[in-house]
Structures are given as C-alpha cells and as structure tokens.
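# Next comes the sequence, and after it the predicted model I'd like to discuss.
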Amino acid sequence: MKDESTIAHVIIERCYLRSGVIFLFCLSCYFGVWKFVGFIPFGVGDGVGFDGSIYLDYILRLSRGESVQGDPYRLIRIVGFTPAVFYAAIFSVEDASSIVRFQATFNAVTLSAVVTILSDLLIRLTEKPRMALLVVSSMFFSWAWLVMPVYYPLLSDHAALAISTASLWAWAVGRRILLGSILFISAWIMPGLFIVPLVLLCLPFRKYQVEFQWRWILWLALIVFAVFCLWPIVNLTNRQILNHPIGMPRGWPEMKGVSLIFLCAEILCVIVFWVRIIGEKNRMYLSDWKSILIGMLTLFGSAIFIWSFFDWREGFVGPPLVEYLYLQSVSAPGKPAIAHFTYYGPLFFVAFIAGIRSKISLKDSRSYPVFVLIAICFPILFIGSESRQWLYFLPPMAVFVALNGISLKVATLGVVFAVFSHVVYIFVRESNFYFSRQGPWMSIEDYFFGLLFLLSFFVIYLLINKSKRA
C-alpha cells in the first residue's frame with residue numbers, strides 16, 4: 001500500500017501537468033487565431049480599430065510623460081493598459097504595430113492563465129473534471145474569449161474578463177482583501193464591472209439555506225416596475241429605430257410590435273429570477289451585513305477617487321446608455337438574445353435555462369451569489385444587444401452552470417457549437433467578420449444567420465434532454 005504522502009505528491013504533480021497542458025493549449029489556440037485571422041483591419045493601422053486608435057494615442061502620450069485631458073470616459077480605462085504604457089515607456093516605443101502586438105501577446109498569455117485557473121477551480125469545486133473542463137471550454141471558444149483578445153487587442157474588454165474571473169477565484173478561496181482590492185480597481189477598467197466583485201464580496205462563498213418561494217404579489221409588483229422602466233420604448237419612433245446606430249442604420253422598425261412581444265416574454269422570464277431571490281424564505285441576500293457594508297464603502301471610495309482624478313465637466317463622458325439600450329431592444333425581434341448567443345456562445349443560453357429550472361432551490365447552494373449575478377445580468381442582456389459592454393458576466397455564467405451541473409452531452413454540444421460557429425463565420429460570413437457579431441451593427445442577414453444558429457442549438461438541446469428523460 002502506497003504511503004499517503006506519495007499519493008498526495010502524485011496528485012499534485014498531475015494537477016500541475018493538467019494546468020500546464022491547459023495553458024499551452026489555450027496559448028496555441030490564440031497563436032492560431034492570430035496567424036489565421038490577423039488583426040482587425042479598421043482604424044489607424046491593422047489591429048487598432050475604432051476606440052483602439054484613441055487608446056493607442058493615450059498609451060503613447062502617457063509613455064512620453066504627457067498629460068491627457070478631456071476624455072474621462074476612456075481615460076479611466078487606461079488602467080487596463082498599464083502594461084502597454086510601461087512597455088512603451090521602457091523601450092521608447094513609437095510604432096503602433098509594436099504596441100498592438102505586445103497587447104495581443106499580453107492578452108493571450110493573461111487569458112490563457114485565467115482559463116487555467118478557472119478550470120482548476122471548477123474541477124475542485126464540482127469534483128467532475130470532464131464536465132468542468134467542457135463548461136470552461138464552451139466559454140473559452142466563444143468569440144469574446146478566443147478571437148477578440150488577439151483580433152482587436154486594444155480594448156479594455158479583455159482586462160474585464162480577467163478581472164471578473166479573478167473575482168470569482170478570490171471569492172471561492174476566501175480571499176476577502178483581494179476581492180475588495182479587485183472591487184476598488186474594477187470601476188476603473190470598464191463601466192459596470194464592479195457589479196461582479198461587489199456581489200461576491202457581499203455574499204461570501206459558503207453553503208446557503210436557499211428556499212425559493214413563489215409570491216404572486218411580488219410577481220405583479222415587479223411587472224408594474226418593469227412596465228414603468230421600459231415604457232419609453234413604446235414611444236420610440238420608426239425613424240429613431242431605423243437610424244440606430246448612428247452612421248450605420250441597422251434597425252427594423254416595421255417589426256417594432258413583434259420586438260416588443262419578444263421583449264415582454266424575456267422580461268417575464270427574468271422576473272421569475274427576481275421573485276425567487278426577493279421572495280426567498282431565509283432572505284439569504286441580507287445574511288451578511290458586515291460584508292455588504294464593506295463592499296459599499298469600498299465602491300464608494302473608488303467612486304470618490306474617479307471623480308477626484310478626472311474632470312467630468314468637459315470632454316466625452318460616455319454614450320447615452322439608457323437611450324441606446326432602449327433602441328437596441330426593439331431593433332429586431334429578439335435581437336439582443338441572438339447577438340449574445342453569437343458573441344458569448346451557447347453558454348449564454350445554457351446559463352439562462354439553468355436559472356429558470358431552479359424552481360425550489362439550487363443544486364449547489366454555494367452558487368447562490370452567482371445566481372444573483374445571473375439575475376442582475378439577464379435584464380440588461382435582453383434589452384441591450386452590444387454584448388461586449390457586458391462580457392464580464394460570461395465567467396459567472398460558466399461558474400453557475402458548472403456548480404449546478406449539466407449533462408456531458410449538453411456540455412459537449414456547447415463546445416461543438418462554439419467552435420463550429422467560428423468556422424462558419426470565417427468561411428460563410430467572411431465579408432462581415434467583425435460586425436456580424438456586434439449586436440447594434442448586425443445586418444438583417446446576420447440577424448437571421450444568428451437566429452438560425454440559436455434555433456439549431458435549441459432543437460438539439462431539446463432532443464438531448466428528451467432522450468435523457470426517456
């Protein structure tokens with residue numbers, strides 16, 4: 001009989017070997033995408049893109065010690081490009097292509113490491129290695145995670161993915177100070193990113209005594225609240241819908257009525273999440289007042305720093321978010337959901353179904369904080385179609401799905417569809433490679449193409465579940 005220390009040593013060696021294989025595999029995938037697809041051919045030089053050209057200018061100016069004023073909305077995101085600023089400063093880089101290549105490499109290495117860490121975490125939490133790896137693979141092979149970090153490197157989106165995943169790891173291993181630090185810095189990386197570490201800090205990782213209860217009064221109250229919030233959509237004119245986004249009209253105003261029906265159905269489903277959370281018997285969301293207080297104070301401190309360091313009275317302070325969300329919601333029937341399916345992959349759909357099916361309790365009560373995150377993100381996702389604004393909810397979706405368990409067949413289907421979609425978009429929709437995945441800029445043809453993908457996945461998903469019950 002082997003000594004226990006020897007067995008433990010072998011297990012540790014296997015874990016390190018598995019992590020090394022995952023990391024190198026992810027890195028090789030990024031290298032393959034880089035070589036096969038290249039950089040985005042828009043903006044000032046390949047790989048810079050639209051907002052990227054602005055970030056590049058700020059990176060170069062800051063590396064030379066120059067001050068940048070008049071653009072607080074983008075300046076706060078420069079924190080996510082700190083390595084690129086130091087790289088340009090140390091090596092006196094002035095060439096745009098060098099900055100782009102450095103950022104693409106940094107993104108690939110960072111996100112490969114993040115995938116490795118998340119894989120190891122979910123394997124330990126679920127004790128189901130195959131299922132955990134398949135769920136993480138479905139996330140990794142999404143457009144947001146696999147292609148964009150090297151195809152369009154100069155975006156803070158990629159730092160947001162890393163920050164979101166780091167928040168989940170710190171939450172799961174009980175590193176409260178680290179999670180608080182992540183919360184403080186997250187507000188500087190991307191608008192709304194703070195939601196992930198804030199919720200996880202307020203709801204520590206532990207087993208919760210979750211007992212969902214249905215309350216019709218609460219359901220009706222939430223419907224009234226939703227109607228109040230979304231009523232301005234009804235008053236949008238056909239001209240407004242058609243001409244959004246500005247400069248590239250993609251709206252389908254003739255279908256506004258059908259779009260509203262789709263939106264109402266989706267919001268009714270989301271209300272089910274919130275009836276369960278607010279009506280939960282033991283009020284788990286109020287179970288740790290100390291953590292809630294610490295989280296709110298940390299976020300308040302970060303907000304004070306942001307308002308103190310930047311002059312928000314001049315320059316670009318951000319787009320009219322609510323107006324854009326309303327316009328995106330009725331651009332075409334169900335377009336936000338279709339856009340997210342093509343951008344996040346099948347994990348978006350699977351996470352939603354897993355949340356809806358949690359009628360009485362959760363399969364793993366430790367996932368309750370992530371369930372709250374899921375409930376927060378889906379109202380936004382069903383209204384707004386610009387997926388990259390909310391991509392930091394993708395890692396929580398993976399954790400929620402993994403902890404609550406899905407069949408290996410469904411997990412495998414998610415990976416297959418994620419990979420297959422890239423192949424199809426490269427060879428079939430090649431002329432519209434970038435905009436075909438960007439919700440507001442999706443053409444009607446891309447919309448129907450994404451709808452076909454979503455329906456195909458849904459049909460196969462139903463067949464798998466039917467055969468499982470049989």
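Yep, it's here. Residues are numbered from 1 along each chain as shown.
# Pass me the low-pLDDT residue ranges in the stretch 1-150 of the chain, would you?
Per-residue confidence for the stretch 1-150 of the chain (pLDDT under 70) gives these ranges: 1-14, 41-47.
# Where do the helices of the stretch 101-250 of the chain begin and end?
Under the criterion DSSP state H, counting those that start in this stretch, the stretch 101-250 of the chain carries helices at the ranges 129-140, 148-151, 157-172, 176-189, 195-202, 216-234, 238-242.
# now those as JSON lines including mean neighbour count and distance to residue 18?
Every C-beta, even on glycine, is put in place using the N, C-alpha and C of the backbone. Output for these, formatted as JSON lines (neighbours: other CB atoms under 10 Å; distance: least, CB to CB, whole Å):
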{"stretch": "helix 129-140", "mean neighbour count": "24", "distance to residue 18": "8"}
{"stretch": "helix 148-151", "mean neighbour count": "24", "distance to residue 18": "23"}
{"stretch": "helix 157-172", "mean neighbour count": "24", "distance to residue 18": "17"}
{"stretch": "helix 176-189", "mean neighbour count": "20", "distance to residue 18": "24"}
{"stretch": "helix 195-202", "mean neighbour count": "25", "distance to residue 18": "26"}
{"stretch": "helix 216-234", "mean neighbour count": "13", "distance to residue 18": "44"}
{"stretch": "helix 238-242", "mean neighbour count": "16", "distance to residue 18": "50"}
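# Could you identify which of these has the lowest mean pLDDT?
Mean pLDDT is lowest for helix 238-242 among these, at a mean of 88.
# tell me the contacts of the residue nearest the centre of the chain?
By CA atoms, centre = their mean, the chain has its centre lying nearest to residue 391, at 2.2 Å. Neighbouring residues of residue 391 by CB atoms under 8 Å, 6 or more residues apart in numbering: 144, 157, 160, 161, 343, 344.
# Which strand or helix spans the fifth one?
It stands for residue 343. According to DSSP states H and E, residue 343 maps onto helix 335-344.
# Output the contacting helices and strands for that helix.
If contacts are counted by 3 or more CB pairs under 8 Å, 6 or more residues apart in numbering; DSSP states H and E, helix 335-344 sits against helix 321-329, helix 347-356, helix 368-383, helix 444-469.
# follow-up on the earlier one: select, out of the helices of the stretch 101-250 of the chain, the one closest to residue 367.
When these are compared by CB to CB, helix 157-172 sits nearest residue 367, at 10.5 Å.
# helices or strands next to that closest one in the packing?
By 3+ CB pairs under 8 Å, 6+ apart, helix 157-172 packs against helix 96-126, helix 148-151, helix 176-189, helix 195-202, helix 394-404.
# how big is the angle separating that helix from helix 129-140?
Counting by axes from the mean of the first three to the mean of the last three CA atoms, to 10 degrees, helix 157-172 lies at 150 degrees to helix 129-140.
# how far does helix 157-172 sit from the chain's center?
10 Å (CA atoms, centre = their mean, to the nearest Å).
# Using PDB, write down the CA coordinates of it.
The C-alpha coordinates for helix 157-172 follow below in PDB (Å, rounded to 0.1, in the frame of the first residue of the first chain):
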ATOM      1  CA  ASP A 157     -12.900  44.200 -22.500                       C
ATOM      2  CA  HIS A 158     -10.100  41.700 -22.200                       C
ATOM      3  CA  ALA A 159      -8.900  43.000 -18.900                       C
ATOM      4  CA  ALA A 160     -12.500  42.900 -17.700                       C
ATOM      5  CA  LEU A 161     -12.700  39.200 -18.500                       C
ATOM      6  CA  ALA A 162      -9.500  38.600 -16.400                       C
ATOM      7  CA  ILE A 163     -10.800  40.800 -13.500                       C
ATOM      8  CA  SER A 164     -14.200  39.000 -13.500                       C
ATOM      9  CA  THR A 165     -12.600  35.600 -13.300                       C
ATOM     10  CA  ALA A 166     -10.100  36.800 -10.700                       C
ATOM     11  CA  SER A 167     -13.100  38.000  -8.600                       C
ATOM     12  CA  LEU A 168     -14.600  34.500  -8.800                       C
ATOM     13  CA  TRP A 169     -11.400  32.800  -7.700                       C
ATOM     14  CA  ALA A 170     -10.800  35.200  -4.800                       C
ATOM     15  CA  TRP A 171     -14.500  34.700  -3.700                       C
ATOM     16  CA  ALA A 172     -14.200  30.900  -3.900                       C
END
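# would you turn the helices and strands packed on helix 157-172 into CSV with distance to residue 50?
Listed next are the helices and strands packed on helix 157-172 as CSV, based on distance: least, CB to CB, whole Å:
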stretch, distance to residue 50
helix 96-126, 14
helix 148-151, 13
helix 176-189, 19
helix 195-202, 25
helix 394-404, 22
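# Out of these, which gets nearest to residue 250?
Nearest of these (CB to CB): helix 148-151, 20.0 Å.
# any idea how far the closest one is from the chain center?
With CA atoms, centre = their mean, you get 15 Å for helix 148-151.
# For it, name the packing helices and strands.
helix 4-37, helix 96-126, helix 157-172.
# Could you dump these into TSV and include distance to residue 51?
Shown next, in TSV, are the helices and strands packed on helix 148-151 (distance: least, CB to CB, whole Å):
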stretch	distance to residue 51
helix 4-37	19
helix 96-126	13
helix 157-172	10
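# Figure out which of those is closest to residue 379.
helix 157-172 (18.3 Å).
# Pick the most buried one from the helices and strands packed on helix 148-151.
Highest mean neighbour count of the helices and strands packed on helix 148-151: helix 157-172, a mean of 24 (counted as mean count of other CB atoms under 10 Å).
# Residue 193 against residue 184, yeah?
No: counting by CB atoms under 8 Å, residue 193 does not reach residue 184; the two are 11.6 Å apart.
# Could I get the buried residue list for stretch 438-458?
Going by neighbour count (16 or more other CB atoms under 10 Å), the buried part of stretch 438-458 is 438-442, 446-447, 449-451, 453-454, 457.
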